[in-house]
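# just coords:
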């Protein structure tokens with residue numbers, strides 16, 4: 001009997017040992033899993049930091065190439081034209097795949113022109129309303145939008161150095177309107193740090209017609225056909241001659257033939273993600289050449 005009891009006790013002890021061993025193994029497995037999870041999170045965070053640094057490096061390197069392209073463009077020709085060196089797309093693979101396209105910001109209507117020395121500019125307002133209505137938006141809505149944008153600019157909500165997307169003002173002013181028409185207007189407008197002329201060599205017919213209402217559409221189309229055929233406008237006198245405008249009429253026309261402001265629009269491929277970026281570049285004409293500098297850069301949403 002005693003022998004049997006000892007056997008039962010030993011069996012119980014072995015069972016407890018097995019249970020304890022299983023508990024220890026389970027605890028070790030939980031600790032190991034927690035450590036691996038933590039290490040994996042740390043590795044992901046480190047990879048994320050590395051990618052962000054590489055994205056920034058790729059953006060900076062590509063924007064520097066864009067700045068050099070703008071300098072070379074001036075060396076080739078004084079006027080800024082659609083087929084100029086500045087308009088060539090840029091691509092790179094180091095440190096990440098990146099592509100960039102410069103856009104002539106002075107081919108668009110500069111919303112900052114709606115204010116002149118802090119006061120509403122009636123001629124710019126008329127041009128904006130004409131451009132706006134030309135995209136299929138109502139005259140009344142366009143007039144209200146002009147007032148809204150002038151108020152925003154006058155109140156100082158739009159700072160010269162702020163990297164705001166150009167669509168924000170337009171979309172705010174036309175909340176609930178036809179999105180296709182709103183986007184068409186947004187593509188033809190920009191907010192720049194200073195008032196600017198419209199570049200007659202790069203702008204489209206709707207912008208040019210809006211800022212030159214006295215020119216007949218047929219004459220404007222003939223001018224654009226010549227321009228796009230390679231007969232670029234050389235100076236303001238050339239514009240007046242081709243459009244048969246008097247000196248008094250030209251005084252009211254906000255047109256030029258070269259551009260100082262450019263938007264850089266690009267994408268970086270970072271692993272499985274695509275990161276969008278934008279920048280505003282100022283090509284300042286000076287007596288000793290040109291100075292190219294970035295005003296702002298925005299990476300990501």
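Right, received. Where do you want to start? For clarity, every value in this text was computed on a predicted model and none was experimentally measured.
# contacts, neighbours, all on C-alpha from now
Fine.
# and the helices in the stretch 101-250 of the chain?
122-134, 139-154, 167-173, 179-187, 205-211, 217-228, 236-243, 247-251 (DSSP state H, counting those that start in this stretch).
# and the second one, what other elements does it pack with?
With contacts defined as 3 or more Cα pairs under 8 Å, 6 or more residues apart in numbering; DSSP states H and E, the secondary structure elements packing on helix 139-154 are strand 115-116, helix 122-134, helix 167-173.
# strand partners (parallel or antiparallel) of the shortest one?
Looking at strand 115-116 with DSSP bridges, its paired strands and their directions are strand 119-120 (antiparallel).
# thinking again about what came up before, rank the helices of the stretch 101-250 of the chain by mean pLDDT and give me the bottom one.
Of all those, the minimum mean pLDDT falls on helix 167-173 (a mean of 84).
# not counting its neighbours along the chain, what's nearest residue 169?
residue 149 (6.8 Å; Cα to Cα, 6 or more residues apart in numbering).
# burial of the one you found, as a residue count?
Residue 149 has 20 neighbours, counted by other Cα atoms under 10 Å.
# same check on residue 192?
Neighbour tally, residue 192, other Cα under 10 Å: 24.
# for it, list the residues it contacts.
By Cα atoms under 8 Å, 6 or more residues apart in numbering, residue 192 lies in contact with 110-112, 160, 261.
# what's the lowest-pLDDT member of the residues you listed?
Among these, residue 160 has the lowest pLDDT, at 47.
# I'd like the helices and strands packed on helix 139-154 laid out as a markdown table, including mean neighbour count and distance to residue 81.
Listed next are the helices and strands packed on helix 139-154 as a markdown table, based on neighbours: other Cα atoms under 10 Å; distance: least, Cα to Cα, whole Å:
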| stretch | mean neighbour count | distance to residue 81 |
| --- | --- | --- |
| strand 115-116 | 16 | 27 |
| helix 122-134 | 21 | 22 |
| helix 167-173 | 17 | 25 |
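# how about these, which one is nearest residue 239?
Proximity to residue 239 (Cα to Cα) singles out helix 122-134 among these, at 18.5 Å.
# can you check what angle separates the closest one from helix 179-187?
140 degrees (axes from the mean of the first three to the mean of the last three Cα atoms, to 10 degrees).
# helix 122-134: how far from the chain's middle?
Offset of helix 122-134 from its chain centre (Cα atoms, centre = their mean, to the nearest Å): 24 Å.
# so what touches it?
Contacts for helix 122-134 (Cα under 8 Å, 6+ apart): 109, 113-114, 138-139, 142-143, 146, 185, 206-207, 209-211.
# how close does residue 80 sit to residue 183?
Separation of residue 80 from residue 183 (Cα to Cα, to the nearest Å): 25 Å.
# relative to residue 30, which of the helices of the stretch 101-250 of the chain is closest?
Among the helices of the stretch 101-250 of the chain, helix 167-173 sits nearest to residue 30 (Cα to Cα), with 50.4 Å.
# would you format the helices of the stretch 101-250 of the chain as JSON lines with distance to residue 277 included?
Below are those laid out as JSON lines (distance: least, Cα to Cα, whole Å):
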{"stretch": "helix 122-134", "distance to residue 277": "27"}
{"stretch": "helix 139-154", "distance to residue 277": "25"}
{"stretch": "helix 167-173", "distance to residue 277": "15"}
{"stretch": "helix 179-187", "distance to residue 277": "17"}
{"stretch": "helix 205-211", "distance to residue 277": "26"}
{"stretch": "helix 217-228", "distance to residue 277": "30"}
{"stretch": "helix 236-243", "distance to residue 277": "35"}
{"stretch": "helix 247-251", "distance to residue 277": "38"}
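# what's the closest of the ones you listed to residue 26?
Per Cα to Cα, nearest to residue 26 of the helices of the stretch 101-250 of the chain: helix 167-173, 56.1 Å.
# grab the nearest non-local neighbour of residue 239.
Spatial nearest neighbour of residue 239, chain neighbours left out: residue 233 (6.3 Å); criterion: Cα to Cα, 6+ apart.
# any idea how many residues pack against residue 26?
Counted with other Cα under 10 Å, the neighbours of residue 26 add up to 12.
# got a list of what the closest residue in space to residue 92 that isn't next to it in sequence touches?
Closest residue in space to residue 92, ignoring its immediate chain neighbours: residue 98 at 5.3 Å, by Cα to Cα, 6+ apart. Contact analysis of residue 98 by Cα under 8 Å, 6+ apart lists 58-59, 62, 91-92, 266-269.
# so how do I select the buried members of those residues in PyMOL?
Buried subset of those, written as a PyMOL selection, criterion 16 or more other Cα atoms under 10 Å:
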select buried, resi 58+59+62+91+266+267+268+269
